[in-house]
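> here is a sequence together with a model predicted from it:
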Amino acid sequence: MVHRRLKSGGEWERTETQYCASPGSQSPEDAAERVTAPPTPTVTAEDLQKMPIQPGTVSIQPGPNTLKNYHTNIYADSRPQELEVTLLGQQVRVRATPVSYTFDYGDGTTTGPTTDPGRALPENSWDTPTSTSHQYRETGDYAIVISTEFRGEYRVGGR
């Protein structure tokens with residue numbers, strides 16, 4: 001390429017373009033256009049929120065009823081999930097992994113966020129404290145909610 005500058009300190013201006021190539025070969029710009037890769041999709045937090053990621057289930061031991069002032073074992077059953085989606089015309093594999101749990105026991109008491117989803121106890125275990133168990137002080141019907149936070153990873157076209 002040939003450039004010139006009309007005055008000292010001024011802008012350079014391209015005056016002509018010359019390429020050294022064998023007969024019949026393409027210019028560098030033409031070759032670059034030919035091999036330009038499609039844009040790589042980016043999966044955002046908003047994209048993840050729109051995907052059909054299945055929430056975990058709430059498990060209670062003993063259940064469905066428990067005893068006042070006894071430890072009730074409550075745990076989340078949530079597993080990593082893989083989804084296939086198409087973004088910008090490309091196949092994208094998304095892996096959603098549960099990483100954090102917040103337990104709302106329905107009586108104004110919460111635990112978390114914690115990385116521990118809790119675990120099932122052996123059958124017929126009663127009043128066994130766990131990291132996610134809860135003791136209800138009053139009888140009643142309580143709506144237990146476990147909020148699960150997922151970490152998303154993705155691969156584009158097998159990469």
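Yes, it's here.
> export whichever strand in the chain runs longest to CSV, keeping only CA atoms.
Ranked by number of residues, the top strand in the chain under DSSP state E is strand 90-104. Provided in CSV are the C-alpha atoms of strand 90-104 (Å, rounded to 0.1, in the frame of the first residue of the first chain):
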residue,chain,number,x,y,z
GLN,A,90,-25.6,-21.8,15.8
GLN,A,91,-26.2,-24.7,18.1
VAL,A,92,-25.3,-23.8,21.7
ARG,A,93,-25.1,-26.4,24.5
VAL,A,94,-25.9,-24.8,27.9
ARG,A,95,-25.1,-26.5,31.2
ALA,A,96,-26.9,-25.2,34.3
THR,A,97,-25.4,-26.3,37.6
PRO,A,98,-27.1,-25.6,41.0
VAL,A,99,-24.6,-23.7,43.2
SER,A,100,-26.6,-22.0,46.0
TYR,A,101,-29.8,-22.6,47.9
THR,A,102,-32.0,-20.4,50.2
PHE,A,103,-34.5,-22.2,52.4
ASP,A,104,-37.7,-20.4,53.4
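> and the helix or strand immediately after it in the chain, average pLDDT?
Counting by DSSP states H and E, the next helix or strand C-terminal to strand 90-104 is strand 110-114. The average pLDDT for strand 110-114 rounds to 96.
> show me where the chain has helices.
28-35, 45-50 (DSSP state H).
> lowest average pLDDT across those helices?
Among those, helix 28-35 scores lowest, at a mean of 58.
> look up how far residue 142 lies from the nearest residue to residue 155 once chain neighbours are set aside.
Nearest non-adjacent residue to residue 155, counting by Cβ to Cβ, 6 or more residues apart in numbering: residue 93, 4.8 Å away. Bear in mind the C-beta positions are built from the backbone N, C-alpha and C, glycine included. Between residue 93 and residue 142 the computed distance is 39 Å (Cβ to Cβ, to the nearest Å).
> the more surrounded of these two?
Shown here are residue 93 and residue 142; by other Cβ atoms under 10 Å, residue 142 has more neighbours (18 against 15).
> leaving out sequence neighbours, find the closest residue to that one.
In space, residue 142 is closest to residue 106, 3.3 Å off (Cβ to Cβ, 6+ apart).
> which pLDDT value belongs to that neighbour?
pLDDT, residue 106: 97.
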